[in-house]
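**Student:** Provide a 3D model corresponding to the input given below.
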Amino acid sequence: MPDWVQMIIRSFLMFLFIVTLLRIVGRKQISQMTYSDFVVGITIGTAAALIAFNVIPNLVNGLLGLTAWVLFLIGLNVLTMKSKWFHDLFRGRETILVRRGKVLEDNLKEVQYTPEELLSQLRRKNIFHLADVEFAVMEANGEVSVMLKSEQTPITPKHLEWAVASQAEPQTVVLDGNIMDEALTGQGLNRQWLQTELDKIGISLANVFIGQVDANGDLFVDLFDDAIEIPKPKTKELLYATLKKCEADLAMFALDTDQPEVKRQYQVSSEVIEEVAQSLRSKLIR
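**Tutor:** Presented below is the predicted three-dimensional model:
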């Protein structure tokens with residue numbers, strides 16, 4: 001068998017072997033690599049390349065060596081889950097960089113971070129003012145986690161004591177111009193509904209690259225032709241405006257009348273519509 005054929009076969013076998021071993025180890029090694037993971041990953045990759053290019057001629061011995069490294073990594077994972085001491089030794093531990101708004105210079109030197117690098121990490125999280133930071137910590141994998149000061153924290157419905165329903169993830173109903181019937185059915189919709197929504201914005205199905213329906217039943221589309229501007233539907237905004245106008249009209253009628261009973265009815269009706277408009281505001285206003 002020619003050498004180049006052997007190299008291709010070995011490379012393919014090593015690819016399958018490495019992918020299988022990594023799936024056994026777990027996905028965390030890819031998404032959250034620490035120093036020990038990095039060392040083991042380089043070693044496994046180097047050994048796989050040496051086997052594939054026949055630098056290590058004995059395939060069985062090479063695979064046994066790779067398996068031993070992976071078993072070592074699995075054993076290390078078990079130890080770090082069982083023991084805090086092992087975890088800090090092999091995975092590292094977090095380091096506080098900012099506490100109560102003050103940068104800890106000694107800790108910056110410990111992780112070999114310059115002030116510029118700290119500011120760069122903050123900018124990656126859309127934080128451009130160091131004064132906005134209450135607490136920042138470098139995790140064991142090198143990621144910097146940040147907590148903003150209370151006055152800089154974005155307002156959420158919880159802060160305003162608004163009761164909001166949980167939302168399901170958007171469903172992709174059109175992909176590359178093709179309708180995903182299963183996703184449509186899962187949302188309680190059909191092709192006729194989809195065509196009606198596309199007609200509202202004057203877009204043909206053939207020009208839709210991606211179409212998604214959110215939890216509120218709104219359709220978002222991305223087109224093949226980026227030069228086409230998609231008009232934003234105004235139905236919900238108009239409904240909210242109509243409700244607010246009815247509320248204002250009823251309040252005005254209550255002020256204009258001198259009859260106590262009629263005034264009371266107008267006021268009650270205005271309050272009811274105000275309550276309805278307030279409860280639907282988050283769904284009608286984007």
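
**Student:** which ones are touching the residue nearest the centre of the chain?
**Tutor:** The C-alpha lying nearest the average C-alpha coordinate of the chain belongs to residue 169 (Cα atoms, centre = their mean; 11.2 Å). By Cβ atoms under 8 Å, 6 or more residues apart in numbering, the contact list for residue 169 reads residue 215. For glycine as for every other residue, the C-beta is placed from the backbone atoms N, C-alpha and C.

**Student:** how near is it to residue 210?
**Tutor:** 15 Å (Cβ to Cβ, to the nearest Å).

**Student:** what do you get for residue 236?
**Tutor:** With distances taken as Cβ to Cβ, residue 236 is found 22 Å from residue 210.

**Student:** and residue 95, what are its bridge partners?
**Tutor:** Here residue 95 sits in beta bridges with residue 138, going by DSSP bridges.

**Student:** quick one: it and residue 110 touch, right?
**Tutor:** Yes - using Cβ atoms under 8 Å, residue 95 is in contact with residue 110, at 6.2 Å.

**Student:** ramachandran coordinates for residue 70?
**Tutor:** phi -70, psi -40 (degrees, to the nearest 10).

**Student:** over to residue 169?
**Tutor:** phi -70, psi 150.

**Student:** now it: how far from residue 215?
**Tutor:** Taken as Cβ to Cβ, the span from residue 169 to residue 215 is 8 Å.

**Student:** helices of the stretch 101-250 of the chain, start to end?
**Tutor:** 105-110, 115-124, 181-186, 191-201, 235-256 (DSSP state H, counting those that start in this stretch).

**Student:** mean confidence for the next helix or strand after the longest one?
**Tutor:** Looking back up the chat, that one is helix 235-256. Counting by DSSP states H and E, the element after helix 235-256 in chain order, helix or strand, is helix 260-284. Mean pLDDT, helix 260-284: 87.

**Student:** now stretch 98-117
**Tutor:** For stretch 98-117, the per-residue pLDDT averages 90.

**Student:** again, but for stretch 214-233
**Tutor:** Mean predicted lDDT for stretch 214-233 stands at 78.

**Student:** buried stuff in that stretch?
**Tutor:** If you call a residue buried by 16 or more other Cβ atoms under 10 Å, then stretch 214-233 has these buried ones: 219, 221, 223.

**Student:** from these, pick the one nearest residue 266.
**Tutor:** residue 219 (38.5 Å; Cβ to Cβ).

**Student:** tell me the bridge partners for the closest one.
**Tutor:** Bridge pairing for residue 219 - DSSP bridges - gives residue 213.

**Student:** just the residues contacting the host helix or strand of residue 12, thanks.
**Tutor:** Using DSSP H and E, residue 12 falls within helix 3-25. If you take Cβ under 8 Å, 6+ apart as the criterion, helix 3-25 is touched by 29-30, 44-45, 48-49, 51-54, 59, 63, 66-67, 70, 73-74, 77.

**Student:** same check, this time on stretch 186-205
**Tutor:** Against stretch 186-205 from outside (Cβ under 8 Å, 6+ apart): 171, 173-174, 177, 179, 181, 184, 208, 211, 213, 217, 219, 221, 223, 228, 230-231, 233.

**Student:** and that stretch, what's buried?
**Tutor:** 187, 189, 193-194, 197-198, 203.

**Student:** what's the end-to-end length of it?
**Tutor:** With Cα to Cα, to the nearest Å as the measure, the first residue of stretch 186-205 is 20 Å from its last.

**Student:** go on, stretch 93-111?
**Tutor:** So stretch 93-111: terminal residues 11 Å apart, Cα to Cα.

**Student:** could you chop this protein up by domain?
**Tutor:** Domain ranges of the chain: 3-89, 95-152, 171-223, 235-284, per automatic domain parsing.

**Student:** from the chain's centre, how far out does the longest one sit?
**Tutor:** Right, the one you point to is domain 3-89. With Cα atoms, centre = their mean, to the nearest Å as the basis, domain 3-89 stands 29 Å off its chain's centre.

**Student:** avg pLDDT for that domain?
**Tutor:** Mean predicted lDDT for domain 3-89 stands at 74.

**Student:** mind checking the end-to-end distance for it?
**Tutor:** The first residue of domain 3-89 is 44 Å away from its last residue (Cα to Cα).

**Student:** with stretch 52-67 instead?
**Tutor:** Terminal residues of stretch 52-67 lie 15 Å apart, using Cα to Cα.

**Student:** tell me which residues of that stretch come out buried.
**Tutor:** 52, 56, 59, 62-63, 65-66.

**Student:** the nearest residue to residue 223 once chain neighbours are set aside: what's it in contact with?
**Tutor:** By the measure of Cβ to Cβ, 6 or more residues apart in numbering, the closest residue to residue 223 outside its immediate chain neighbours is residue 207, 5.2 Å from it. The neighbours of residue 207, taking Cβ under 8 Å, 6+ apart as the test, are 177, 223-225, 228.
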